[in-house]
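Colleague: Output the structure for:
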Amino acid sequence: MYLGVDFGTTNSVAAVVQALGDAPQIIALDEGSRTLRTMLYVERDQSMSVGAAAIHNYRTQNVGRTPRFVRKYIGTIDNEMGGLLQDDDDMKSGDVLMDVFSDVDADAPGRLMHALKGPLATDYEGTMIFGQEYKLEALIAIFLREVRRRVYEQTGCDARGVVLGRPVNFANAVDEAGNARAQGRLEAAAQAAGFESVVFEYEPAGASLSYASNVGGRAEHVLIFDFGGGTLDLAVVRRDTDGGQQILATGGLGLAGDHFDRALFQHALLPSFGRDVKWGPQRLPLPRYLLEALGDWQNIPALSNAATVAFLREAQRDCTAPIQMLALEDLVTKGHGYDLYERVERSKVELSTARIAELAYAADAIDVWQIATRAQFEAAIAPERRAVAALIDDTLARAHVVASDIDHVVRTGGSSSIPCFVELLAERFGMQRIHSEDLFTGVAAGLAVRAAQLGLRA
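Modeller: Residues are numbered from 1 along each chain as shown. Model (predicted):
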């Protein structure tokens with residue numbers, strides 16, 4: 001048996017091929033679902049859950065709960081001061097030790113981790129969770145180890161070899177050194193999870209192999225348009241009649257579904273949480289850090305501290321929209337960020353097939369209802385559309401082909417269904433040449449095919 005794993009920003013998928021030439025099979029990794037949400041929930045006792053169970057446990061234990069803040073000693077920092085300390089009339093300089101404290105939620109039952117793939121190319125090392133330090137690689141290893149376990153449950157194979165997908169450019173990678181760093185960290189995590197032999201393949205190359213397994217061998221040029229939750233990956237592939245393929249050029253952007261969720265939230269819902277509120281006698285706007293943090297649901301819990309809550313309550317006493325400020329307080333403190341963004345994501349998906357979508361969420365003091373239109377959404381992401389168009393043109397140029405040379409465009413990944421990007425592809429290549437591979441499982445299927453081609457047994 002041969003195994004391919006698409007470790008994604010939003011969803012992860014595993015596929016197997018029993019023998020070279022066989023059709024790939026997708027493993028049901030999560031309660032009968034072929035996709036496993038890339039979520040990890042760590043509870044106070046260090047117990048772990050992933051996927052749907054992680055989301056369920058987070059909701060059950062956190063949503064609606066009021067935090068209880070306590071002052072916690074973090075440590076001591078050594079500040080070097082130069083001529084700033086005064087003792088009577090004498091100015092002194094030297095080292096000054098300062099104790100550092102932080103407000104923490106004393107009753108927090110757990111922490112939900114998402115988009116673990118995102119920081120791989122950065123200097124982010126890890127985090128402290130309820131007194132236990134976790135390296136980023138260790139958190140990813142916990143998730144991948146559970147993937148291995150579930151593959152074993154479904155197939156009886158204790159997988160030791162795997163072809164892992166990787167984006168052309170990892171999110172936050174500014175150069176090839178960043179990509180190399182990210183791949184190295186992901187490989188270390190996979191090995192820690194029990195995969196002794198790890199081979200990487202570009203995710204769009206995996207999508208191309210999946211496409212080839214469905215259409216058979218023929219000579220053609222194919223553009224792979226792989227637009228998922230974390231990155232956009234392109235590949236121009238020359239396929240041969242014998243089933244072989246050559247990648248002529250690749251291109252990638254750290255831009256995808258999560259970014260579009262933020263754009264829709266900021267356009268449609270941010271006004272309901274104080275974007276235009278003025279507070280205090282001087283009618284000041286809300287602090288920028290508050291509004292910027294709302295752009296990612298993972299940042300929202302970090303706002304739940306005594307200082308921020310005290311500010312929000314003070315602002316409610318004298319502001320232009322106290323109901324919005326109360327809603328913002330409950331969004332920050334009562335764990336509604338994930339569920340609110342999930343509703344935003346559903347509305348974004350609805351706009352792929354409808355011209356309007358309802359954005360509604362009611363819990364505690366939050367009661368928002370907005371209509372989002374496809375035209376408004378597309379206007380909000382117009383700069384991103386231009387960036388995608390430029391990347392397509394650049395990738396074709398580096399492959400030394402023009403649009404008319406492309407026989408088929410294979411789109412995969414959830415974001416590839418957003419109409420303005422489908423229309424962009426149709427403008428460049430013609431709708432008749434656009435082929436939709438399985439949006440969420442095509443990459444993993446192709447990675448399993450690649451493992452079989454390499455003879456890398458699970």
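Colleague: Could you grab the helix/strand/coil label for residue 13?
Modeller: Secondary structure state of residue 13, per DSSP: H, G, I helix; E, B strand; the rest coil, is strand.
Colleague: ok, how many other residues are close to it?
Modeller: 27 (other C-beta atoms under 10 Å). From N, CA and C alone the C-beta is placed, and that goes for glycine too.
Colleague: How is residue 449 assigned, secondary-structure-wise?
Modeller: The three-state label given to residue 449 by three-state DSSP is helix.
Colleague: so who does the closest residue to it other than its chain neighbours touch?
Modeller: Nearest residue to residue 449, sequence neighbours excluded (C-beta to C-beta, 6 or more residues apart in numbering): residue 209, at 4.4 Å. Counting by C-beta atoms under 8 Å, 6 or more residues apart in numbering, residue 209 touches 245, 445, 446, 447, 449, 450.
Colleague: If we use 7 Å, what do you get?
Modeller: Neighbouring residues of residue 209 by C-beta atoms under 7 Å, 6 or more residues apart in numbering: 446, 449, 450.
Colleague: My understanding was that the second one contacts residue 17; is that so?
Modeller: Yes. With the criterion set as C-beta atoms under 7 Å, residue 449 and residue 17 qualify as a contacting pair; they are 5.9 Å apart.
Colleague: and for the two, which residues touch both?
Modeller: Common contact partners of residue 449 and residue 17 (C-beta under 7 Å, 6+ apart): residue 24.
Colleague: which one of those two has more residues nearby?
Modeller: residue 449 (28 against 24).
Colleague: Residue 332: what's it in contact with?
Modeller: Residue 332 touches 300, 303, 304, 308, counting by C-beta under 7 Å, 6+ apart.
Colleague: rerun at 6 Å
Modeller: By C-beta atoms under 6 Å, 6 or more residues apart in numbering, the residues touching residue 332 are 303, 304.
Colleague: ok, now residue 211?
Modeller: Contacts of residue 211 by C-beta under 6 Å, 6+ apart are 410, 437.
Colleague: in stretch 419-431, what counts as buried?
Modeller: 420, 421, 422, 424, 425, 428, 429 (16 or more other C-beta atoms under 10 Å).
Colleague: For the stretch 51-200 of the chain, which segments count as strands?
Modeller: Listed in chain order, the strands of the stretch 51-200 of the chain (DSSP state E, counting those that start in this stretch) span 69-87, 90-105, 110-114, 126-129, 132-135, 161-166, 197-202.
Colleague: strands paired with the fifth one, and their directions?
Modeller: Take DSSP bridges as the rule and strand 132-135 pairs in its sheet with strand 126-129 (antiparallel).
Colleague: Now the partner strand: average pLDDT?
Modeller: Averaging pLDDT along strand 126-129 gives 93.
Colleague: Just the buried positions in that strand, please.
Modeller: For strand 126-129, the neighbour count (16+ other C-beta under 10 Å) marks residue 129 as buried.
Colleague: Residues in contact with that strand: which ones?
Modeller: By C-beta under 6 Å, 6+ apart, strand 126-129 touches 42, 111, 134, 135, 136.
Colleague: Which single one of the residues you listed is nearest to residue 384?
Modeller: Nearest to residue 384, judged by C-beta to C-beta, of these is residue 136 at 26.9 Å.
Colleague: What distance do you get for the residue nearest to the closest one when sequence neighbours are not counted to residue 138?
Modeller: Distance criterion C-beta to C-beta, 6+ apart; nearest residue to residue 136, sequence neighbours excluded, is residue 126 at 5.0 Å. Taking C-beta to C-beta, to the nearest Å as the measure, residue 126 falls 7 Å from residue 138.
Colleague: try residue 455
Modeller: Distance of residue 455 to residue 138, given as C-beta to C-beta: 31 Å.
Colleague: cool, residue 113 as well?
Modeller: Relative to residue 138, and taking C-beta to C-beta, residue 113 is found at 11 Å.
Colleague: Which one's more surrounded, these two?
Modeller: When residue 113 and residue 138 are compared for neighbours, residue 113 comes out ahead with 24 against 15, by other C-beta under 10 Å.
Colleague: does that one really touch residue 38, like I thought?
Modeller: No. Contact criterion C-beta atoms under 6 Å: residue 113 and residue 38 do not qualify, at 9.1 Å.
Colleague: Do a quick rundown of the helices in this protein.
Modeller: For the chain, the helices defined by DSSP state H occupy 51-62, 136-155, 176-192, 203-215, 257-268, 288-293, 306-317, 322-333, 337-350, 374-380, 382-398, 419-429, 442-454.
Colleague: Go through the contacts of residue 209 and name the one nearest residue 374.
Modeller: residue 446 (30.9 Å).
Colleague: any idea how far that closest one lies from residue 9?
Modeller: 18 Å.
Colleague: more neighbours, these two?
Modeller: Per other C-beta under 10 Å, whichever of residue 446 and residue 9 has more neighbours is residue 446, with 32 against 20.
Colleague: Any idea how far stretch 376-393 is from the middle of the chain?
Modeller: 19 Å (C-alpha atoms, centre = their mean, to the nearest Å).
Colleague: go on, stretch 244-252?
Modeller: 24 Å.
Colleague: With stretch 125-144 instead?
Modeller: 17 Å.
Colleague: buried stuff in it?
Modeller: So stretch 125-144, judged by 16+ other C-beta under 10 Å, has buried residues 129, 134, 135, 136, 137, 139, 140, 141, 142, 143, 144.
Colleague: Tell me how many other residues crowd the spatially closest residue to the fifth one that is not a sequence neighbour.
Modeller: Excluding the flanking residues, the one nearest residue 137 by C-beta to C-beta, 6+ apart is residue 189, at 4.3 Å. Other residues within reach of residue 189, judged by other C-beta under 10 Å, total 27.
Colleague: Just the pLDDT for residue 189.
Modeller: The model's pLDDT for residue 189 equals 98.
Colleague: which residues touch it?
Modeller: 137, 140, 141.
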